[in-house]
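[1] A predicted structure for the sequence below; I have some questions about it.
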Amino acid sequence: MPETKLDPKLRWGLQFASGYLNLGMPDEALDELTHLKKDFQNLPEVMSLKGQIFLLRSEWSSAAELAQAGHDRYPELPDFYIQQALAYEQLGEPARAIDIWMSAPDAIKRSGFCHYNLARCQARLGNASSARRHAQQAVKLEPLLKPAVKTDPLLSALKSPMNATN
């Protein structure tokens, strides 16, 4: 099968947008992407970068909508599950976020990152025992998450005696 070459304008646009995003310049990154040809706007790489930009700019509704469109077009790609679940949690909809995490491909569901976020959502819903289980699983799968679990305001509260009975 012959290797397909990425259109040079698309490649440069993605590289510049990624560079701006890495420098914490989301407006400039989005500007790079919006100047790409219309044919490129629905490519997964472009949609995913836009989603990252919306998340960085705390534009939760835009991120959720774009992630849904990306998920509809590219259900096999993990980016859109992650972006949509993160956006829903920030929108104050932890139950919807849990549904997204649980419908994600197995590779995502087996990650510490997923369990960490499930723990946060369960804590928001007041499900302390489930939150503790997911937090423990997150650290078991990815030990580097231990400091985040310990300092996360939602999760550190799970250790108090009042919440231990839930």
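    The structure has been received and is ready for your questions.

[2] other residues contacting stretch 137-157?
    The set of residues external to stretch 137-157 that reach it, using Cβ atoms under 8 Å, 6 or more residues apart in numbering, is 110-116, 119-120, 123-124, 131, 135, 163. No exception for glycine: its C-beta is placed from N, CA and C like everyone else's.

[3] low-confidence ranges, this protein, go.
    For the chain, the stretches with pLDDT under 70 are 1-5, 159-166.

[4] ok so, going back, and the contacts of stretch 137-157, which is closest to Lys9?
    Nearest to Lys9, judged by Cβ to Cβ, of those is Phe113 at 33.1 Å.

[5] show me what contacts the closest one?
    Applying Cβ under 8 Å, 6+ apart, the residues near Phe113 are 82, 138, 142, 145.

[6] count the neighbours of the last one for me.
    Other residues near Leu145 number 20, with proximity taken as other Cβ atoms under 10 Å.

[7] gap between it and Cys121?
    15 Å (Cβ to Cβ, to the nearest Å).

[8] picking that back up, of the contacts of stretch 137-157, just the buried ones, PyMOL syntax please.
    Remark: buried members of the contacts of stretch 137-157, expressed as a PyMOL selection using 16 or more other Cβ atoms under 10 Å:
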select buried, resi 111+112+114+115+116+119+120+123+124+131+135
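
[9] over to Asp31: give its phi and psi.
    Note on Asp31: its backbone torsions stand at phi -60, psi -40 [degrees, to the nearest 10].

[10] if we can go back for a sec, top of the contacts of Phe113 by neighbour count?
    Ala138 (25 neighbours).

[11] what strand or helix carries it?
    helix 128-141 (DSSP states H and E).

[12] surely Ala64 and Tyr81 touch.
    No: if you go by Cβ atoms under 8 Å, Ala64 and Tyr81 don't touch, sitting 11.6 Å apart.

[13] neighbour count for the two, which is higher?
    Counted by other Cβ under 10 Å, Ala64 and Tyr81 do not tie: Ala64 has more neighbours, with 25 against 22.

[14] that one: what's it in contact with?
    83-84, 87-88, 91.

[15] what of Ala107?
    So Ala107 contacts Pro78 (Cβ under 8 Å, 6+ apart).
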